[in-house]
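task: produce atomic coordinates for the following.
(2 chains)
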Amino acid sequence: MDNNKIAKSLELMADLMEFQGANAFRLRAYRNGSRVIRDLPEQIADMIANDQDLTQIDGIGKSTAEKCKELVETGQLKKLEEIKAEVPESVLGMLRVPNLGAKKAAKLFNELNIETLDQLKAACEAGEVAKLDGFGEKTQQIILDGLEIAADANKRIYWSEADAIANQLREFFKSCKAVKRLEFAGSYRRGKETVGDLDILIDTDDGETVMDHLTEFPDITKVIARGETKISVRLEQSFQVDLRVVPKKSFGAALQYFTGSKEHNVELRGRAKSAGLRINEYGVYDTSGKKEKYIAGETEADVYATLGLPEFAPELREQRGEFEMAENDALPDLIELSHIRGDLHMHTTATDGKYSIEEMAAAAKERGLKYIAITDHSKRVAMANGLDGKRAKAQWKKIDEINEQSDGKFWIFKGIECDILEAGGMDLSDKILEQADWVLAAIHYGQNQSREQITDRLIGAIENPHVDAVAHPTGRLLNRREPYEVDMSAVMSAVKENNKILELNANPARLDLNDVHVAQAKAQKIPIVINTDAHSINGLDVMQYGIKQARRGGLTKADVVNCATLAKFKKLIGIN
DNA sequence: GCCGTTTTCGGCCCGACTGTTTTCAGTCG
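Below you'll find the model as predicted:
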């Protein structure tokens, strides 16, 4: 059983226990434990096999450690099965209805025996919900309205899509004179791979005008709530935007607060409390005197400084060790887009790309790159007209000719994205692969194989002397396809041992490796290459998304091979 | 359920908004 499954079991425990009215702090402990395990680089199962003490992990106590052991050894959790017998999992569907939380949903389940959204709808239409204590006509109507969008609710969109909406909003507010300063916060600002909603903070003397302005935004379908300092609206596809009006002296505190993450803020506020301070979205307050005294809040740096902490990069605010790093003066100097000098994964018209070698090279040059690798598919990917040995060699000959004509300041590497076959082994022979400058190994077929099979295939490829890097190592597509079953710890060990490289694929639907794997690779000093996997000229512009993910994994330019100069990169892969 | 350089018991981040209420609970972020 892998960490993800353990984490899901603990999360489910908490969700169902909430319906039984369990203590809120106990639920938080479960959820915290679940998060910690999900983000853990080592596999819990391995730690148990090695007799390691799980309670050494922050957030895991005796009880959770025992549950982990039970899950790993028996594949299930007796207590969870008992709870499931009392509270059917289907009740969790009710939580997708906006404004319906665990307390109210539990009441609906306990008093009206409602277990599904269909039953909930019927009860609302029969007027039974309004009769419950604490409910009323309005709540009943809100639930009915919410059922309409429950299917779409909680759907997270790609960071790139959220970015497009954010840019539209930023543009839209340029015509609003009352805006003195506008910033986006939330998971969008932290660069999370998917975003659930957008948070806008605005410094203004005229909150009403600013909130009125938002209601004029073309894509709005509903104003969910509006008060003196806050307005929430829903856009098409149920995407929510929250706008908050913030005074100047509190802007930094609000930006810090609404950027999160929640876990990062809990840690920060806990530290503040022990230091005799209180932090909220209005500022930092000294609570030691008779009357609370405002001591900071205008900038984020001021807020953090009250606790002797640096202004963490938003991408690192996930409570995954950033506070400890700050204390040890070990926060990384994060990579930036401008550090990237090469792009080592792209396709051309020879397979499923839309442009020629020359066109891709010209576009890359225009974007300031100094080198690229052309990495068309190999023959197994017949759908994309993948290259056999003969066509690959012809393409490489052409690249040689183009390079000979160039001034040497921009270089094209002869590459291939060679498939790792279902039965193991590479799609092209060693005799062909040895003639390439740069070989990416990738799985496109047989993605549903067992963990052992997939892991063996990847390790086999990594051990091939001609392979340089593994492309999109887990094969996931965000919101569409789960990663394949793979033992990433074993893969990383093989990569490390064979001095190979792991790709961070920058395509916004892939972002593969994920942030936790990136951090795990960095901890093992495994070099990363951030590639666009471009199939067109515009495809080269997705590099920025890969950079966000890399920053979330704590990478610096020294950790990323395509930040190297052309000369250094040539040396790295043994080209003269 | 987890945690501890005042603690092995008694805390656990904090506030806006809404609806159902006569002072607060639930939801959300």
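
lowest mean pLDDT among the helices and strands of chain A, which one is it?
One helix or strand of chain A scores below all others by mean pLDDT, DSSP states H and E: helix A:137-149, with a mean of 85.

quick check: next helix or strand after that one?
Next helix or strand after helix A:137-149 toward the C-terminus (DSSP states H and E): strand A:157-158.

and the residue of the stretch 401-550 of chain A closest to DNA strand B?
With C-beta to the nearest atom of the strand as the measure, residue A:479 is the residue of the stretch 401-550 of chain A nearest to DNA strand B, at 18.0 Å. Using the backbone N, CA and C atoms, a C-beta is placed for each residue, glycine as well.

is that residue in contact with residue A:156, as I believe?
Yes. In this structure, residue A:479 is within contact of residue A:156 by C-beta atoms under 8 Å, at 7.2 Å.

tell me which of the two has more neighbours.
Taking other C-beta atoms under 10 Å, residue A:479 and residue A:156 do not tie; residue A:156 has more neighbours (17 against 12).

who's in contact with the residue of the stretch 401-550 of chain A closest to DNA strand B?
A:155-156, A:158, A:194, A:509 (C-beta atoms under 8 Å, 6 or more residues apart in numbering).

so it: helix, strand or coil?
coil (DSSP: H, G, I helix; E, B strand; the rest coil).

contacting residues around the spatially closest residue to residue A:475 that is not a sequence neighbour?
Using C-beta to C-beta, 6 or more residues apart in numbering and skipping the chain neighbours, the partner closest in space to residue A:475 is residue A:484 (4.7 Å). Contact partners of residue A:484, counting by C-beta under 8 Å, 6+ apart, are A:443, A:447-449, A:454, A:474-476.

now those in CSV, with distance to residue A:567, neighbour count and secondary structure?
Formatted as CSV, the contacts of residue A:484 follow (distance: C-beta to C-beta, whole Å; neighbours: other C-beta atoms under 10 Å; DSSP: H, G, I helix; E, B strand; the rest coil):
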residue, distance to residue A:567, neighbour count, secondary structure
A:443, 32, 23, coil
A:447, 38, 17, coil
A:448, 43, 9, coil
A:449, 41, 17, coil
A:454, 37, 23, helix
A:474, 32, 22, coil
A:475, 34, 20, coil
A:476, 35, 20, coil
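
which of these sit farthest apart?
Using C-beta to C-beta, those reach their maximum pairwise distance at A:449 and A:476, which is 15.2 Å.

got the contacts of residue A:479 as CSV, with pLDDT and distance to DNA strand B columns?
As requested, the contacts of residue A:479 are exported to CSV (pLDDT from 0 to 100; distance: C-beta to the nearest atom of the strand, whole Å):
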residue, pLDDT, distance to DNA strand B
A:155, 72, 12
A:156, 83, 11
A:158, 93, 18
A:194, 93, 14
A:509, 93, 23
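
make a ChimeraX selection of the buried ones in these.
To isolate the buried ones among the contacts of residue A:479 in ChimeraX, judged by 16 or more other C-beta atoms under 10 Å, type:
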select /A:156,158,194,509
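
break chain A down into its domains, please.
Under the assignment automatic domain parsing, the domains of chain A span A:3-149, A:157-246, A:250-327, A:337-572.

winner for burial among the ones you listed?
domain A:337-572 (a mean of 20; mean count of other C-beta atoms under 10 Å).

what's the end-to-end length of that domain?
21 Å (C-alpha to C-alpha, to the nearest Å).

off-centre distance for that domain?
Remark: domain A:337-572 is offset 20 Å from the chain centroid, using C-alpha atoms, centre = their mean, to the nearest Å.

ok, the residue in the stretch 301-450 of chain A that DNA strand B sits nearest to - contacts?
The stretch 301-450 of chain A approaches DNA strand B most closely through residue A:319 (11.0 Å), counting by C-beta to the nearest atom of the strand. Residues in contact with residue A:319 (C-beta under 8 Å, 6+ apart) are A:261, A:263-264, A:266-267.

tell me the secondary structure for it?
Going by three-state DSSP: residue A:319 is coil.

against residue A:95, how distant is it?
23 Å (C-beta to C-beta, to the nearest Å).

repeat for residue A:296
Taking C-beta to C-beta, one finds residue A:296 at 37 Å from residue A:95.

quick one, helices of the stretch 51-200 of chain A?
Secondary structure of the stretch 51-200 of chain A (DSSP state H, counting those that start in this stretch): helices at A:62-74, A:78-86, A:102-112, A:117-125, A:137-149, A:159-172, A:186-189.

mind putting those helices in TSV, distance to residue A:555 included?
Converted to TSV, the helices of the stretch 51-200 of chain A look like this (distance: least, C-beta to C-beta, whole Å):
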stretch	distance to residue A:555
helix A:62-74	30
helix A:78-86	37
helix A:102-112	38
helix A:117-125	42
helix A:137-149	38
helix A:159-172	17
helix A:186-189	18
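
least confident of these, on average?
Averaged per stretch, pLDDT over the helices of the stretch 51-200 of chain A is lowest on helix A:137-149, reaching a mean of 85.

not counting it itself, show me its contacts.
By C-beta under 8 Å, 6+ apart, helix A:137-149 touches A:97-100, A:104, A:117, A:120-121, A:124-125, A:127, A:129-130, A:153, A:234, A:238.

any part of that helix near DNA strand B?
Yes. Judged by C-beta under 7 Å from any atom of the strand, helix A:137-149 and DNA strand B are in contact via A:137-140, A:142.

which residues of the stretch 51-200 of chain A lie near DNA strand B?
Going by C-beta under 7 Å from any atom of the strand, the residues of the stretch 51-200 of chain A near DNA strand B are A:55, A:58-65, A:95, A:98-105, A:130, A:133-140, A:142, A:186, A:196-197, A:199.

what does the residue nearest to residue A:475 show for phi and psi?
phi -70, psi 160 (degrees, to the nearest 10).

what about it, distance to residue A:455?
Taken as C-beta to C-beta, the span from residue A:484 to residue A:455 is 10 Å.

now swap in residue A:258 and tell me
For residue A:258, the distance to residue A:455 - C-beta to C-beta - is 41 Å.

now swap in residue A:219 and tell me
44 Å.

what does residue A:47 give?
19 Å.

residues in contact with stretch A:507-514?
A:158-161, A:193, A:472-480, A:483, A:502-505, A:521, A:528, A:532-533, A:539, A:542, A:545-546, A:549, A:553.

same check on stretch A:233-240?
Against stretch A:233-240 from outside (C-beta under 8 Å, 6+ apart): A:149, A:152-153, A:155, A:157, A:165, A:196-198, A:214-215, A:217, A:219-224, A:232, A:241, A:243.

what average pLDDT does that stretch get?
Per-residue scores along stretch A:233-240 average to 84.

end-to-end on it?
6 Å.

relative to residue A:485, how far out is the residue nearest in space to the middle of chain A?
Most central in chain A under C-alpha atoms, centre = their mean is residue A:193, positioned 3.3 Å from the mean C-alpha point. Using C-beta to C-beta, residue A:193 is found at 20 Å from residue A:485.

same question for residue A:350.
Counting by C-beta to C-beta - residue A:350 and residue A:485 are separated by 32 Å.

likewise for residue A:569?
33 Å.

for the stretch 251-400 of chain A, just list every one of the helices.
A:251-259, A:262-274, A:300-305, A:322-327, A:357-366, A:389-405.
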